[in-house]
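> Structure for this input, please:
(one chain, ligands or ions: 1)
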Amino acid sequence: MISLLTYLTIILGVVAIARLVKVYELSATLKGTEKEEAVSDSDTKFNARLMLPFLFAFFAFCVYLVVSYKDNLLPESASEHGVEIDTLFNFNLLIVGIVFVAVNVVLFYFAYKYYSRKGVYATYFAHSTKLEMIWTIVPAIFLAVIIIYGLAVWNKITSPVDSNKAIVMELFAEQFKWTARYGGNDNVLGESNYKLTADMNPLAIDTTDKHAWDDKIVNGEFHIPVNKVVLMYFRSKDVLHSAYMPHFRAQMNCVPGMRTEFHFTPTITTAEMKEKTKNPDFDYVLLCNKICGSTHWNMQMKIVVDSDADYKKWLAEQKTFKEKSMSENTSENKVVLN
Ligand SMILES: [Cu+2]
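Numbers count the residues shown, from 1 in each chain. From the prediction side, this is the model:
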């Protein structure tokens, strides 16, 4: 019923506007002020002059937006490749910024300078090869630079890493929490398979794989050492999630049924960052960056970047998969480890 009324209102509104235009045209014909005279020369000139203040107001507004929202941009990068990503973004922003300013200045200045005057006509030409060449080749060069530079950075960031030289770990996503798993003493993650998902085995770990037994399983917060390559694998139990670690400029989708990966090197410890930001409450954070359900907004985990010694100490205190399975499972539905 409401939608029918809405349609009727719109249709009647259009009819009313059409009738009003007709009335205006008729009255103009009767007064003999048809066509060009409908907009006087002084009106045109006034509009042309408004273009310049509008241009300045527009740029002033842009500057105001940048200044007032700049604190909401990404915080300082705390990973090796993050610095390169920031440089790449700033380079892109610079090029786009220059074009943005140039185009708008020319747009409004021309509208101001070349307003319609009686007896003055624009030069007409059908084709200019030179002009076509300029506006094809110049943007092509800039786009090529942006794309080649971007690809080079991306290839560097995603190039394979030797897992023997990295801390191997996994982030497991489910509605609505994260679980971290470390390779343990052998630094190898036990095999997993989504088909093994069960109440007593929520991470779907293959309990027959001996590599899994010493894996460390952690909730609430996870630690990583500074200046070491961290090789992360990502899995999901239910729907698409995305592991987002803004300070490390790292984000990777967690896809049900498959395993994704990313590696990075943290460069600033949590303690150093607390000092740098003069914020004693500062913490690195892992967020979910795919809207995955009702409490997606609170799907997060604290990350602590430690010195190597502190990291090892913390990890030694964490329970292994085997210990956890033994202590948490009741006798009748125990995960069988053999
Ligand atoms: Cu999520």
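
> CA only for contacts and neighbour counts going forward, please
Noted.

> Next, give phi and psi for the nearest residue to residue 187 once chain neighbours are set aside.
In this structure, residue 187 finds its nearest non-sequential neighbour in residue 168, 6.0 Å apart by CA to CA, 6 or more residues apart in numbering. Main-chain torsions, residue 168, degrees, to the nearest 10: phi -90, psi 130.

> where's residue 74 relative to the ion, distance?
Going from residue 74 to the ion by CA to the ion, to the nearest Å gives 21 Å.

> Contact partners for that residue?
246-247 (CA atoms under 8 Å, 6 or more residues apart in numbering).

> Please apply the same query to residue 72.
By CA under 8 Å, 6+ apart, no residues touch residue 72.

> that older thread, can you get me a residue count around the residue nearest to residue 187?
21 (other CA atoms under 10 Å).

> Does it touch residue 182 like I think?
Yes - assessed by CA atoms under 8 Å, residue 168 is found in contact with residue 182 at 6.2 Å.

> Now the common contact residues for the two.
With CA under 8 Å, 6+ apart, residue 168 and residue 182 have common neighbours 188-189.

> Quick check: residues of this protein near the ion?
241, 288, 292 (CA under 5 Å from the ion).

> most neighbours, which of the residues you listed?
Most neighbours among those, by other CA under 10 Å: residue 241, with 29 neighbours.

> How about it: which residues does it bridge to?
residue 254 (DSSP bridges).

> With residue 286 instead?
Beta-bridge partners of residue 286, as defined by DSSP bridges: residue 301.

> List the buried residues of the host helix or strand of residue 145.
Applying DSSP states H and E as the criterion places residue 145 in helix 129-158. Of all the residues in helix 129-158, those buried under the rule 16 or more other CA atoms under 10 Å are 146, 150, 157.

> which ones are touching the first one?
Yep, that's residue 146 we're talking about. Residue 146 touches residue 92, counting by CA under 8 Å, 6+ apart.

> For it, give its distance to the ion.
Per CA to the ion, residue 146 is found 32 Å from the ion.

> Likewise for residue 10?
From residue 10 to the ion the distance is 41 Å (CA to the ion).

> swap in residue 249?
From residue 249 across to the ion, the span is 18 Å (CA to the ion).

> Equivalent analysis for residue 188, please.
26 Å.

> tell me the contacts of that residue?
168, 182, 211-212, 215.

> quick one: low-confidence ranges for the stretch 1-150 of the chain?
Low-confidence segments of the stretch 1-150 of the chain (pLDDT under 70): 1, 32-38.
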